[in-house]
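Undergrad: Need coordinates for the following:
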Amino acid sequence: MAKVDTSLVAHLPLFAGVTPEAMDEILREARSARYPKNSAIFEQGADAQSFFLLLHGHVRAAKTTPTGEQIVVRYVAPGETFGLAMAIGAARYPATAMAVDDSVVLIWPNSAWPRLVERFPALAANTLQTVGTRLQESHTRILEMSTQQVEQRIAHALLRLAKQSGKKLDHGIEIDFPISRQDIAQMTGTTLHTVSRILSAWESQGLVESGRQRIILRDPHGIVVLAERSPDSGAA
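TA: Below you'll find the model as predicted:
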């Protein structure tokens, strides 16, 4: 592969505390690949042969339950690692990774992982921190599903996406990748009908603007108020 300019990736969490010389060696083990919109990077249940760093675009990680239900686990933004099955001792990918827009990734073979973490302990520490953060995110979402009404769950999901991949506009914050109402439903454990009803109501109140695979938070503070509303405050 063409040599990656280390200045483009040195600031990323994966390389925190890694020297330029070590980074050169780590990057020599990787190859780059492009994935067009709506193409699969890996499939749930496939042998975990590689791990990935997203350089450009966005990736949706989704899991299919034994009953066939689709659950959106998370969205991956540029600069984030994914496919870290080797870091948790998994032999297969636990979810499917799909490019939601044209994406560019760096790919390392899992066979390089033991050698890299032995030579560069910071790489192992940074990956472990990422896994820990993702685990905390999962716990937060489980708590939301157990204790919050659907309006709150949708509000929290939109705020997380805006924080991760928001683009400031004159009239709000746009979630800067294609996302549908069905995606929001699969993130929040509800139905497309319920998400459509709630977003339509919020649109009429001036809180959001939504179109085909496009969502803008016109009143982010209003969404925060909805997210933090207590169950006994009269929310439907």
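Undergrad: hey, let's count contacts and neighbours off CA atoms from now on
TA: OK.
Undergrad: quick one: buried residues of stretch 87-102?
TA: Within stretch 87-102, the residues that count as buried by 16 or more other C-alpha atoms under 10 Å are Ala87, Arg92, Tyr93, Pro94, Ala95, Thr96, Ala97, Met98, Ala99, Val100, Asp101.
Undergrad: Next: stretch 33-47.
TA: Within stretch 33-47, the residues that count as buried by 16+ other C-alpha under 10 Å are Arg34, Tyr35, Lys37, Ser39, Ala40, Ile41, Phe42, Glu43, Gln44.
Undergrad: and the residues you listed as TSV, adding secondary structure, distance to Leu207 and pLDDT?
TA: As requested, the buried residues of stretch 33-47 are exported to TSV (DSSP: H, G, I helix; E, B strand; the rest coil; distance: C-alpha to C-alpha, whole Å; pLDDT from 0 to 100):
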residue	secondary structure	distance to Leu207	pLDDT
Arg34	strand	36	96
Tyr35	strand	34	98
Lys37	coil	29	96
Ser39	coil	32	98
Ala40	strand	33	97
Ile41	strand	35	98
Phe42	strand	36	98
Glu43	coil	36	97
Gln44	coil	36	97
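Undergrad: Now the residue nearest in space to the middle of the chain: which helix or strand?
TA: Taking C-alpha atoms, centre = their mean as the criterion, Tyr75 is the residue nearest the geometric centre of the chain, at 2.1 Å. Secondary structure from DSSP states H and E places Tyr75 in strand 70-76.
Undergrad: In PDB, list the C-alpha atoms belonging to that strand.
TA: What follows is strand 70-76, C-alpha atoms only, in PDB (Å, rounded to 0.1, in the frame of the first residue of the first chain):
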ATOM      1  CA  GLN A  70     -31.800  -6.100  13.500                       C
ATOM      2  CA  ILE A  71     -30.200  -4.100  16.200                       C
ATOM      3  CA  VAL A  72     -27.900  -1.100  15.300                       C
ATOM      4  CA  VAL A  73     -25.100  -1.500  17.900                       C
ATOM      5  CA  ARG A  74     -23.200   1.700  17.100                       C
ATOM      6  CA  TYR A  75     -21.900   4.000  14.300                       C
ATOM      7  CA  VAL A  76     -18.200   4.300  13.700                       C
END
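Undergrad: Counting by contacts, list what it packs against.
TA: If you count contacts as 3 or more C-alpha pairs under 8 Å, 6 or more residues apart in numbering; DSSP states H and E, strand 70-76 packs onto strand 59-64, helix 181-188.
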